[in-house]
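Asker: just the structure for this:
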Amino acid sequence: MRKERILTIDDDPDILDVLDLTLSENYEVIQAPNAEEGLKLVTTKSPNLIICDYVMPGMNGKEFCKTLKKDILLQHIPVIMLTGKGEVKDMVVGIEAGADDYIVKPFEPDALLARIRMILRRTVRSLDANPLTYLPGNSTIMEELQSLIDSNALFAVGYADLDKFKIYNDKYGFEKGDEVIRETARLLVKYVHKYAGPNAFVGHIGGDDFVFIADDQLMESICQAVVTAFDRIAPEFYSKEDLEVGYIVGQDRQGKEIRTGLLSISIGIVSNSSQKITHVGQISEIAADLKKFAKSQEKSNCVRDKRRV
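Answerer: As a prediction, this is how the structure comes out:
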């Protein structure tokens, strides 16, 4: 697996040496003695993160940030600014110029590494985030699932999607459909975090498909809470007239006219508690079968994979 690349920019060679010692075990480090050379390396080496001194001869840290953030192809790269104790007030200017964070010299190596991990994680997720819900998207979901498999720890993954959503979207339009998806995302985040903690993972595959991860023993409680909450709010998405008749008319994917009741949510639970899971594709295949069965129930429900291998 390729190490993430960090560009360090400082006119003090001793600082560059300290940064190299601090970072090189976990990251690929490239270095520049000034901001001008740093800009050249940004375009040729594509770093994942930049650490830049605030006070340098020639182009300083603020000017470096402003130049970087003007380039639409480079502006996503996060920048941590290094500053001396007496320059902390000046860092407001650096932040306004586009710096993502700053750390005061002399710095604790562990503190710098923690900042780097946090910013890289946040940057990856923001670039991959679903534009409708701002939840992590497919790339991050795949990384989270692979990390679980690699850790050999017990885990459970919930795959959720909405039933009868296409017909609802066709009748009520994309604006109302987007509202349903956002509300579904809010419910998932609320109850996953309630039961599994604020750092538990919730991702948005796209459309009306979601993924969430929690300890196996918590998954049933989470799913039941989501199902109950979704059924409680589903009537709010409909007009009074449609609620009175109890259905809407639309076409299925084959163009056949059908009547459908209220939106519902189906959740498939995949766990390695009863079988060995060796790759991400295996999780997806099991989840697809589970969701197909769950949807056949014609109501909100969750289904757990019970096969043993």
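Asker: report the central residue of this protein.
Answerer: For the chain, P136 is the residue whose C-alpha lies nearest the centre (C-alpha atoms, centre = their mean; 2.2 Å).
Asker: wait, what's in contact with the residue nearest to D252 when sequence neighbours are not counted?
Answerer: Nearest residue to D252 in three dimensions, chain neighbours excluded: I258, at 5.3 Å (C-beta to C-beta, 6 or more residues apart in numbering). Glycine gets a C-beta too; all of them are placed from N, C-alpha and C. Shown in contact with I258 (C-beta atoms under 8 Å, 6 or more residues apart in numbering): 167, 249-252.
Asker: domain boundaries for this protein, per the record?
Answerer: 5-128, 138-304 (automatic domain parsing).
Asker: dump those domains into TSV; add mean pLDDT as well.
Answerer: Formatted as TSV, the domains of the chain follow (pLDDT from 0 to 100):
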stretch	mean pLDDT
domain 5-128	88
domain 138-304	92
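Asker: where do the helices sit along the protein?
Answerer: Assigned by DSSP state H, the chain shows helices spanning 13-23, 35-45, 61-70, 91-97, 109-128, 138-151, 165-172, 174-196, 216-233, 240-245, 280-295.
Asker: off-centre distance for the shortest one?
Answerer: Same thing as helix 240-245. 37 Å (C-alpha atoms, centre = their mean, to the nearest Å).
Asker: repeat that for stretch 183-203.
Answerer: Worked out by C-alpha atoms, centre = their mean, stretch 183-203 lies 12 Å from the chain centre.
Asker: residue numbering should commence at 761 henceforth.
Answerer: All set: I'll call the first residue 761, so the last point we hit is now stretch 943-963.
Asker: in that stretch, which residues are buried?
Answerer: For stretch 943-963, a neighbour-count test (16 or more other C-beta atoms under 10 Å) marks 943-945, 947-949, 951-953, 955-956, 960-963 as buried.
Asker: ditto for stretch 962-970
Answerer: Across stretch 962-970, burial judged by 16+ other C-beta under 10 Å covers 962-965, 968-970.
Asker: cool, stretch 1003-1015 as well?
Answerer: Buried residues in stretch 1003-1015, counted by 16+ other C-beta under 10 Å: 1008, 1010.
Asker: and G1041, what is it in contact with?
Answerer: Applying C-beta under 8 Å, 6+ apart, no residues contact G1041.
Asker: okay, it and G1028: tell me how far apart.
Answerer: Counting by C-beta to C-beta, to the nearest Å, the gap from G1041 to G1028 is 15 Å.
Asker: for stretch 796-807, buried residues please.
Answerer: Buried, per 16+ other C-beta under 10 Å, within stretch 796-807: 798-799, 801-802, 807.
Asker: can you pull the contacts of I876?
Answerer: 766, 783, 787, 809, 840 are the contacts of I876 under C-beta under 8 Å, 6+ apart.
Asker: need the contact list for the nearest residue to Q1057 once chain neighbours are set aside.
Answerer: In space, and not counting its chain neighbours, Q1057 is closest to S1026: 7.6 Å by C-beta to C-beta, 6+ apart. When contacts are counted by C-beta under 8 Å, 6+ apart, S1026 is found next to 920-923, 1051, 1054-1055, 1057, 1060-1063.
Asker: over to I973?
Answerer: Residues in contact with I973 (C-beta under 8 Å, 6+ apart) are 904-905, 908, 915-918, 960-961.
Asker: recalculate using a threshold of 7 Å.
Answerer: 904, 908, 915, 917, 960-961 (C-beta atoms under 7 Å, 6 or more residues apart in numbering).
Asker: with Q906 instead?
Answerer: Listed by C-beta under 7 Å, 6+ apart, the contact set of Q906 reads V1040.
Asker: closest one of the contacts of I973 to A985?
Answerer: A960 (13.2 Å; C-beta to C-beta).
Asker: how close does the residue nearest to that closest one when sequence neighbours are not counted sit to V778?
Answerer: In this structure, A960 finds its nearest non-sequential neighbour in V952, 5.0 Å apart by C-beta to C-beta, 6+ apart. Using C-beta to C-beta, one gets 41 Å for the distance from V952 to V778.
Asker: likewise for D1012?
Answerer: 64 Å.
Asker: that older thread, I figured the residue nearest to A960 was touching N959, is that so?
Answerer: No. Applying C-beta atoms under 7 Å, one finds V952 not in contact with N959, separated by 10.2 Å.
Asker: since we're on T782, how many residues are nearby?
Answerer: 21 (other C-beta atoms under 10 Å).
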